[in-house]
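In: I'd like to go over a predicted model; first the sequence, then the structure.
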Amino acid sequence: MGKPDRDLEAKTDDDMRAWYESLQSPRPLVVVISGPSGAGKDATIQRMRAQNTPCHFVVTVTTRERRPDEVDGVDYHFVSEAAFKQMIAEGELLEHALVYGQYKGIPKAGVRAALASGQDVIMRVDVQGAASIRKLLPQAVTVFLTAESDEELLRRLRRRRTESEAQLQQRIETARAELRRVGEFRYRVVNRECALDATVETVRAIIHAEKSRVDWRYPLL
């Protein structure tokens, strides 16, 4: 047998009862889903929502144009550049960045409220944004999504047909640069084509494991 847990040594009965009660308390996490364009961040979040995963899904604020299949307030909060800059000035964003000439940011209030209620928070950010979150919140669980190959990633980017050739080339170059930063993340998940449910199951397993860590710490903002 291994050594007894040092935290349980020489405890009174009241201490032991309190310790067992603490095992029933919520252990909220901040989970960051990131990765290059085409890795499947949006699809993963959408499938987790469809499966009624018990989390608070942060809706990113962005200044980019809404795509035909997107719903304001569900996929993103679409705002003007002036409105976005006002949110920055008023300190309403947890982090923000200029990506491909468009602003994206994470609203702060919803994250704090969800954590206070014991809910896990799942946010979708780019690799640049994930770096900002790590500095602000070292306890965040960072997950890097990627396609199974460079060829598959490029195919997904081309399949979108939402950008000019010049814009597409910029995304490809950025995606390849972002792939080199995978070592900054705690987990890497390969999102294979036609295997989205497996990707979601892996992310859910990561969440379950993180909640069981002996060194879990409340994500303070």
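Out: All right, it came through fine. Numbering: from 1, shown residues only.

In: low-confidence ranges in this protein?
Out: Low-confidence segments of the chain, defined by pLDDT under 70, are located at 1-10.

In: which residue is nearest the middle of the protein?
Out: The centre of the chain sits closest to residue 32, judged by C-alpha atoms, centre = their mean, with a distance of 2.2 Å.

In: what about it, distance to residue 192?
Out: Summarising the geometry, the distance separating residue 32 from residue 192, computed by C-beta to C-beta, to the nearest Å, is 21 Å. All C-beta atoms are positioned from the backbone trio N, CA, C, and that covers glycine.

In: residues touching stretch 76-90, excluding its own?
Out: Outside stretch 76-90, the residues within contact range by C-beta atoms under 8 Å, 6 or more residues apart in numbering are 59-66, 70, 72, 93, 96, 103, 105, 107.

In: repeat for stretch 153-166
Out: Contacts of stretch 153-166 with the rest of the structure, by C-beta under 8 Å, 6+ apart, involve 36-40, 67, 146-147, 168, 171-172, 175.

In: narrow these to those in helices?
Out: Secondary structure assignment (DSSP state H) places 168, 171-172, 175 from these within helices.

In: where along this structure do the helices fall?
Out: Counting by DSSP H, the segments of the chain that form helices are 13-22, 41-50, 81-89, 108-116, 127-136, 150-160, 165-179, 196-211.

In: can you redo the ones you listed as TSV with distance to residue 219 and mean neighbour count?
Out: What follows is the helices of the chain, written out as TSV (distance: least, C-beta to C-beta, whole Å; neighbours: other C-beta atoms under 10 Å):
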stretch	distance to residue 219	mean neighbour count
helix 13-22	17	10
helix 41-50	19	17
helix 81-89	22	13
helix 108-116	6	15
helix 127-136	10	18
helix 150-160	31	15
helix 165-179	24	15
helix 196-211	11	16
